[in-house]
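coords please:
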Amino acid sequence: MARFRSRLRSALEARAQAWIRRRQGPDADPVQLDRRRIYILPTPLGIAYATMLFAMVLGGLNYGNNLGLGLAFLLVSLGLVVMHHCHGTLSGLALRLAATESAFAGGEVTFRYTLENTALAPRPRIELGTGREPGCIVDVPASGTAAGDVRLPAPRRGRIPLERFVVATRHPLGLFRAWAVVHGDHQATAWPTPAERSRIPPGVATDTGGAQDRAQGDHDFAGLRPFQPGDSLRRVAWKAYARGQGLHTKQYAGTDVVSHVFDWNSLPALGTEARLSQLCRWVLDAHERGEAFGLRLPGVSIEPNVGTAHRERCLNALALFEDGHGRA
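Numbering: from 1, shown residues only. The predicted structure follows:
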């Protein structure tokens, strides 16, 4: 019976979502919520409130209790005022996509929105999410803006579209829930899941110029850092290890630049997704060590460089890579 109710509810929600999509059509950024696209229904608390009022009216009529009837009608008026304010909290609110945040496959990508309120009254308890349960609750000040997030699971690498999300509120008192559905055309990128640190990256090239501001060579000792797979054994601080301080690698400051080129063809024994995961791991490790690195994929060549922007460029190239079967 519970399974039947769950399937029936899912079918009804799917039909309602399809009807809303046909009625509203796609939304262009920014989106302004007008009163015609805002829906409102009582919450379970609101249904209990209405049941209580119905019982109060019946009791007042049955016993001729004018004071009880007056209190019941006063509470009915309060419910109507609450319904009006709940609907008005969303009416006129504008939403604009501010940014997207990438994540690794298996995590959650984030869509950041700016909520704009041009009214002279604040808009408290604005809920953002992809279902009935809110993922983020925002208070928008009067004549101001606020930031809100919508998170979406990323089960695979590639582009993750946010086809629809819900803006809702239960303010005030929680007796009603007003909501609006936004059908945008926004996408975020999910990077490949990094492989475990087990494989040593391919050969290292060293030059005396390039992209690194803080170069690393063999001239002046600069300190120690935790050992990472792929580090040269000649740079391991064996004396510190013998003293029980753990395995560390020596760092030197000089003019030499260590750079890697991570090549798709250097992993012929792995499948497509395994190759991308391993290349992703090498990119992350090289970025953490502050070393310059490049990337070569079929049809894509990125020259060695450093920095967060370069790291994201390489990760995006891995995320959007398509093999011969069109897998992206």
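
buried set for the helix or strand containing Ile47?
Per DSSP states H and E: Ile47 is located in helix 44-63. Applying a neighbour-count criterion of 16 or more other Cβ atoms under 10 Å, the buried positions in helix 44-63 are Gly46, Tyr49, Leu53, Met56, Val57, Gly60. Placement of C-beta: from N, CA and C, glycine included.

Quick one: which of the residues you listed has the lowest pLDDT value?
Across the buried residues of helix 44-63, the bottom pLDDT score, 88, is held by Gly60.

just checking, it touches Leu69?
Yes - Gly60 lies in contact with Leu69 (Cβ atoms under 8 Å); the separation is 3.7 Å.

any idea how far Arg235 is from the closest residue in space to Ala240 that isn't next to it in sequence?
Counting by Cβ to Cβ, 6 or more residues apart in numbering, Ala240 lies nearest to His248, which is 5.5 Å off, once chain neighbours are set aside. When distance is defined by Cβ to Cβ, to the nearest Å, His248 is 9 Å away from Arg235.

The two - which one has more neighbours?
Neighbours per residue (other Cβ atoms under 10 Å) separate His248 from Arg235, with His248 holding more: 19 against 14.

So the more buried one sits against Trp238, correct?
No - when contacts are counted by Cβ under 8 Å, His248 is not listed as touching Trp238 (9.6 Å).

taking the buried residues of helix 44-63 as a set, which two sit the farthest apart in space?
Gly46 and Gly60 (21.0 Å; Cβ to Cβ).

in the stretch 101-250 of the chain, which spans are helices?
With DSSP state H, counting those that start in this stretch as the definition, the stretch 101-250 of the chain shows helices at residue ranges 238-242.

For it, just list every one of the strands.
Counting by DSSP state E, counting those that start in this stretch, residue ranges of the strands within the stretch 101-250 of the chain are 103-104, 108-116, 123-129, 136-140, 145-153, 158-162, 165-169, 176-182, 186-191, 204-207, 216-226, 248-253.

Pick the most buried one from the ones you listed.
strand 165-169 (a mean of 23; mean count of other Cβ atoms under 10 Å).

Tell me, how many residues neighbour the spatially closest residue to Gly92 that is not a sequence neighbour?
Here the nearest residue to Gly92 in space, its sequence neighbours aside, is Ala119; by Cβ to Cβ, 6+ apart that works out to 6.0 Å. Neighbourhood size, Ala119 [other Cβ under 10 Å]: 14.

Check Pro194 too.
Taking other Cβ under 10 Å as the neighbour definition, Pro194 ends up with a count of 19.

Let me see the contact set for the closest residue to it other than its chain neighbours.
Once its chain neighbours are removed from consideration, Pro194 has its nearest residue in Arg281; the separation is 4.3 Å (Cβ to Cβ, 6+ apart). Residues in contact with Arg281 (Cβ atoms under 8 Å, 6 or more residues apart in numbering) are Pro194, Ala195, Glu196, Arg197, Arg199.

Selection in PyMOL covering whichever of the residues you listed are buried, please.
In PyMOL, selecting the buried portion of these, with burial taken from 16+ other Cβ under 10 Å, looks like this:
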select buried, resi 194+195
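
now the contacts of Arg281 in a markdown table, with distance to Val166 and pLDDT?
Formatted as a markdown table, the contacts of Arg281 follow (distance: Cβ to Cβ, whole Å; pLDDT from 0 to 100):
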| residue | distance to Val166 | pLDDT |
| --- | --- | --- |
| Pro194 | 33 | 92 |
| Ala195 | 37 | 89 |
| Glu196 | 38 | 89 |
| Arg197 | 40 | 83 |
| Arg199 | 44 | 78 |
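
Would you mind listing the two of the contacts of Arg281 that lie farthest apart?
Distances among those were taken as Cβ to Cβ; the most separated pair is Pro194 and Arg199, at 11.6 Å.

For Ala99, give its distance to Arg112.
Distance check for Ala99 against Arg112: by Cβ to Cβ, it reads 5 Å.

For the residue most central in space within the chain, list the residues it contacts.
Centroid-nearest residue in the chain: Thr110, 1.6 Å away (criterion: Cα atoms, centre = their mean). Applying Cβ under 8 Å, 6+ apart, one finds that Thr110 lies in contact with Thr100, Glu101, Ala103, Asp149, Val150, Arg151, Leu152, Ala188.

Can you tell me which of these lies closest to Leu267?
Nearest to Leu267 among these, counting by Cβ to Cβ, is Ala103 at 23.7 Å.

What's opposite the closest residue to the closest one other than its chain neighbours in the beta bridge?
What sits nearest to Ala103 in space, not counting adjacent residues and going by Cβ to Cβ, 6+ apart, is Val109, at 4.9 Å. In this structure, Val109 has the following beta-bridge partners (DSSP bridges): Leu152.
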